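K.L.:
got a sequence here, can you build the structure:
(2 chains)
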Amino acid sequence: DQQVKQNSPSLSVQEGRISILNCDYTNSMFDYFLWYKKYPAEGPTFLISISSIKDKNEDGRFTVFLNKSAKHLSLHIVPSQPGDSAVYFCAATAETGANNLFFGTGTRLTVIP
Amino acid sequence: DGGITQSPKYLFRKEGQNVTLSCEQNLNHDAMYWYRQDPGQGLRLIYYSQIVNDFQKGDIAEGYSVSREKKESFPLTVTSAQKNPTAFYLCATGQGTSLKNIQYFGAGTRLSVL
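P.N.:
All right, here's what the predicted structure looks like:
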């Protein structure tokens, strides 16, 4: 059973516009969330994270929003650039009883020049 | 050149054969992880090790074995008990021992069954 879900397998956005990637989770024990980016033929690289004590974390063009009541997080990229074209994975884990980092299935973002 | 080296890039397994995937790191990270990725699915944790000579099962450890005799190395053996081994395998490292820490990934090994 997929505990972290990314329901949009792909997303296309014009360069300069905002990209919004969504992620839902089912386990209310999750208290830490991460986003990774993956280019073809490379391993994923860390992008940004957020703790459940916050509802927003920002790093340059990347902002992650967390809505605990809805068990939903989103990654905003603004402005989007062609180099942002990649697969984005969200991941979640819990402080207690954590022996797993659960990943979503990924969303392929294409930024059109 | 610092980083995580996974080898081989492609690997083929015959029926009933055990195969070992290599993962070496020179980042001096304590923790190492093995993930499996199948089409349409997220990465799933197979095993992880927070310290030399110790490792823990992840979500899908059945049919796999690992060892951590050296800090730099965390090989994964796909045994004949793993009935569906065809997948993309990713090794990762982390500076601390918490799963909340940033993980650094290798480029992966694609395993196929002949």
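
K.L.:
use CA for all of it now, contacts and neighbours both
P.N.:
OK.

K.L.:
how about the residues of chain B by chain A?
P.N.:
B:40-45, B:56-59, B:90, B:99-100, B:102-108 (CA under 8 Å from any CA of the partner chain).

K.L.:
can you turn the buried part of these into a PyMOL selection?
P.N.:
Buried residues among the residues of chain B next to chain A (16 or more other CA atoms under 10 Å in any protein chain shown), as a PyMOL selection:
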select buried, chain B and resi 42+43+44+45+57+58+90+99+100+102+103+104+105+106+107+108
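
K.L.:
got the contact list for the closest residue to chain B within chain A?
P.N.:
Taking CA to the nearest CA, chain B has its nearest neighbour within chain A at A:Thr105, 3.8 Å off. Applying CA atoms under 8 Å, 6 or more residues apart in numbering or on different chains, we find A:Thr105 in contact with A:4-6, A:9, A:89, B:40-43.

K.L.:
inside strands: which ones of those residues?
P.N.:
Among the contacts of A:Thr105, the members falling in strands are A:4-5, A:89, B:43 (criterion: DSSP state E).

K.L.:
how about those, which pair is most distant?
P.N.:
A:Lys5 and B:Leu43 (11.8 Å; CA to CA).

K.L.:
shared neighbours, these two?
P.N.:
A:104-105.

K.L.:
can you count the residues close to A:Ser28?
P.N.:
Residues near A:Ser28, counting by other CA atoms under 10 Å in any protein chain shown, number 10.

K.L.:
then the one 10 residues further on?
P.N.:
Neighbour count for A:Lys38, taken as other CA under 10 Å: 21.
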